[in-house]
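>>> please find the sequence and the predicted model below.
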Amino acid sequence: MSQSQPLSLHVPEPTGRPGCKTDFSYLDIHAAGTTPRPPVDVRYQDTAELAAGMIRVLDDGDDAVGPWDPQLDRDLLLFGLRTMMKTRIFDARMVIAQRQKKLSFYMTCLGEEAIGTAHALALRDGDMCFPTYRQQSLLMAREYPLLDMLCQLLSNEHDPLKGRQLPVMYSVKAKGFFTISGNLATQIPQAVGWAMASAIKGDTKIASGWIGDGATAESDFHTGLTFAHVYRAPVILNVVNNQWAISTFQAIAGGESVSFAARGVGAGIASLRVDGNDFLAVYAASCWAAERARSNLGPTLIEWVTYRAGPHSTSDDPSRYRPADEWTYFPLGDPIARLRRHLVKKGWWSDADHAALQAELEAEVLAAQREAERHGTLIDGHVPSAASMFEDVYKEMPEHLRRQRQQLGV
Amino acid sequence: MKRDIDKHTAGAETEAETKTTPMTMIQALRSAMDVMLGRDDNVVIYGQDVGYFGGVFRVTDGLQAKYGRQRVFDAPISEGGIVGTAVGMAAYGLRPVVEIQFADYFYPATDQIVSEAARLRYRSAGDFTAPLTIRMPCGGGIYGGQTHSQSPEAFFTHVCGLRTVMPSNPYDAKGLLIAAIENDDPVIFLEPKRLYNGPFDGHHDRPVVSWARHRMGDVPEGHYTVPLDKAAVFREGNDVTVLTYGTMVWVSEAAAAEAGIDAEIIDLRTLWPLDLETVVASVNKTGRCVVVHEATRTSGFGAELAALVQEHCFYHLEAPIERVTGWDTPYPHAQEWAYFPGPDRVGAALKRAMEA
């Protein structure tokens, strides 16, 4: 006997909401050092467990353990710590500057600093990143001058992008940083195309495309996986799963009971799921993927599990949709604190060293900000000229734009 | 009643190569890509079915065999992926020439065309550029129904940063396509598929004419360009100016002849950025203007043309500007010739313009 029950629609919900503590058991965290490290020519099918598991190097006792330990030297680790700290200090200053109305808008990457920093260190000069708006640590790691970043943020007369882009939407070809689009996911097929071009030309450079958990629902993401697989493009496809797309929990993007890394395996791409707050794991996984790409073995998809500790942007108040103290309980912790403890345990770092570096970086950021503000801010009127608005639409300015510029009287 | 070929081809920049061969528009387009694949290692060609098979309209036939799979290859059925990867390749430094199998299928690529290719130079202040060419067969007249007949040019002319081109004959097709590939801006290259094998005056019940017996099918074998910012005076006349492009150039010529009206027919060739100077000079001379296109009427490119003529030629106009277009319906299948703005409708508009 069969009896039809009324159907009901499943709408995923996060386990925590304001006033209700989050149960992070949904994250499916694995102990550090327990995930095997296959050779780079692994078959994609054999990465299914890696895509469902979690690569971690730093254990709860702050030691580096297991086959993914990249065994980095002191200098590189300290550069990583410095870059992550600089990114966080810079972000904090820019939020204050936005509140002072010196810039219109800002987006921090609080809690996600390890991902761009360690990934950039695993790439070579000439490799091209196709980032989202939360990878400023890539630029920090590649030592793009703070002054140029600031002039872009302030939309002032020295803004390299001539005031045309929202703050944070940098473009720095010389540092392998593709122009950021506010239209999400578009950069994924572009990264694949850039990598295809490198292969067509017999070059040795690789591409690295970036996307958040939320935007993986866009068709461009899936299209990018298909093209990357079909042409075995030398590209790393990075999914930063920071749990939140503005107010939308990652389960609404399709992350409930299946990892984002698993999408890669389904497309025939070797895929990894990695603790994104573990500097050593990020570096090791990025090197593995880069070596695959450079060896003509094709693309790798990496899901970086992390937590967006700050608001989506300066226009957002996350306490309206998630517990305000949720980050405190995030099981993968704070990437800066974790690397700092590891360095201390190695005997390479002290609290005094840390305090001194913090003060040095705060002074460096402040000095750069003061210098940048001498070139103007959005509110003091020292912005790029209105006439420049008509430039760069085409390589040569067509007649109709000349006429429109004249109509504006500039 | 004379067609001034010399006038039409004026402005073309030919090199030493002057030997011509009869070519259809398909052969002329293929020749353009052949020339550019040979001259520039950065040119790559891909799209659905364009590789081994040579394209559903045969435009890329033989190119993979000649230049190899790294230069000419098949793509997955994903217009967004085709254009998105082309933007990435262009950012690397290549000059991709991609095919959208029918213009009706470009919509999935809209974000990559509008938000990405068209704005890369602007938003990065010249740091990154997108010198790519997107070819797509357009227009009706082959019983293609609503998904193989559209003329979406107005979608593109509305987007700042794009160049939108539509040739009406093999000579222009080759010269414009070479110019498009060499251009550093993204170019939308619309190919009126009804003109692929011969000119078409809209009399669908008459025998098909071949480019082989037409002077505009005489195409130089080597490299030459037709500038992307110059309209052609397809036919000089004194009574009324017809602003048109693509298949409708031929329909307009037939309509004027049948109506006995001495029309000056302007073949825009590049829709945007527009050669406004040629348009204004002609309308100021004739004092009358009829705009003809196959695409739907409302917010079509004809609306922009009519507005520009009104702005620039108002005190020379002796009659209201007429528009002859496809109806504001999807392109129907069985009712194709009721939809298509044929010579009768164009002729009636020419007469109205003369009698006003």
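Nice, I can see it. Numbers count the residues shown, from 1 in each chain, chains lettered A, B, ... in the order given.

>>> residue boundaries of the helices in chain A?
With DSSP state H as the criterion, chain A has helices at A:48-52, A:74-99, A:113-122, A:136-141, A:146-154, A:187-200, A:219-230, A:261-266, A:279-294, A:335-346, A:351-373, A:399-408.

>>> can you give me the angle the fifth one makes with helix A:351-373?
It refers to helix A:146-154. Using axes from the mean of the first three to the mean of the last three Cα atoms, to 10 degrees, the interaxial angle of helix A:146-154 with respect to helix A:351-373 works out to 60 degrees.

>>> how about the helices of chain A in JSON lines, adding mean pLDDT, mean neighbour count and distance to B:Pro137?
For every residue, glycine as well, the C-beta is placed using N, CA and C. JSON lines is the format used below for those (pLDDT from 0 to 100; neighbours: other Cβ atoms under 10 Å in any protein chain shown; distance: least, Cβ to Cβ, whole Å):
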{"stretch": "helix A:48-52", "mean pLDDT": "98", "mean neighbour count": "19", "distance to B:Pro137": "41"}
{"stretch": "helix A:74-99", "mean pLDDT": "98", "mean neighbour count": "20", "distance to B:Pro137": "49"}
{"stretch": "helix A:113-122", "mean pLDDT": "98", "mean neighbour count": "28", "distance to B:Pro137": "43"}
{"stretch": "helix A:136-141", "mean pLDDT": "98", "mean neighbour count": "26", "distance to B:Pro137": "41"}
{"stretch": "helix A:146-154", "mean pLDDT": "98", "mean neighbour count": "23", "distance to B:Pro137": "42"}
{"stretch": "helix A:187-200", "mean pLDDT": "98", "mean neighbour count": "30", "distance to B:Pro137": "23"}
{"stretch": "helix A:219-230", "mean pLDDT": "98", "mean neighbour count": "24", "distance to B:Pro137": "22"}
{"stretch": "helix A:261-266", "mean pLDDT": "98", "mean neighbour count": "22", "distance to B:Pro137": "34"}
{"stretch": "helix A:279-294", "mean pLDDT": "98", "mean neighbour count": "25", "distance to B:Pro137": "36"}
{"stretch": "helix A:335-346", "mean pLDDT": "98", "mean neighbour count": "20", "distance to B:Pro137": "52"}
{"stretch": "helix A:351-373", "mean pLDDT": "98", "mean neighbour count": "14", "distance to B:Pro137": "51"}
{"stretch": "helix A:399-408", "mean pLDDT": "97", "mean neighbour count": "13", "distance to B:Pro137": "28"}
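
>>> for A:Ser4, find the nearest of the ones you listed.
When these are compared for distance to A:Ser4 using Cβ to Cβ, the nearest one is helix A:261-266, at 32.3 Å.

>>> show me what that closest one is packed against.
helix A:48-52, helix A:219-230, strand A:235-241, strand A:270-275, strand A:300-305 (3 or more Cβ pairs under 8 Å, 6 or more residues apart in numbering or on different chains; DSSP states H and E).

>>> take that helix, keep the C-alpha atoms, and write them as PDB.
Listed in PDB are the C-alpha atoms of helix A:261-266, where the atom choice follows Å, rounded to 0.1, in the frame of the first residue of the first chain:
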ATOM      1  CA  ALA A 261      36.200  20.500  -3.700                       C
ATOM      2  CA  ALA A 262      34.000  17.600  -4.700                       C
ATOM      3  CA  ARG A 263      32.800  19.700  -7.700                       C
ATOM      4  CA  GLY A 264      36.300  19.400  -9.100                       C
ATOM      5  CA  VAL A 265      36.400  15.600  -8.900                       C
ATOM      6  CA  GLY A 266      33.000  15.500 -10.600                       C
END
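
>>> point out where the stretch 151-300 of chain B drops to low pLDDT.
Along the stretch 151-300 of chain B, segments meeting pLDDT under 70 are nowhere present.
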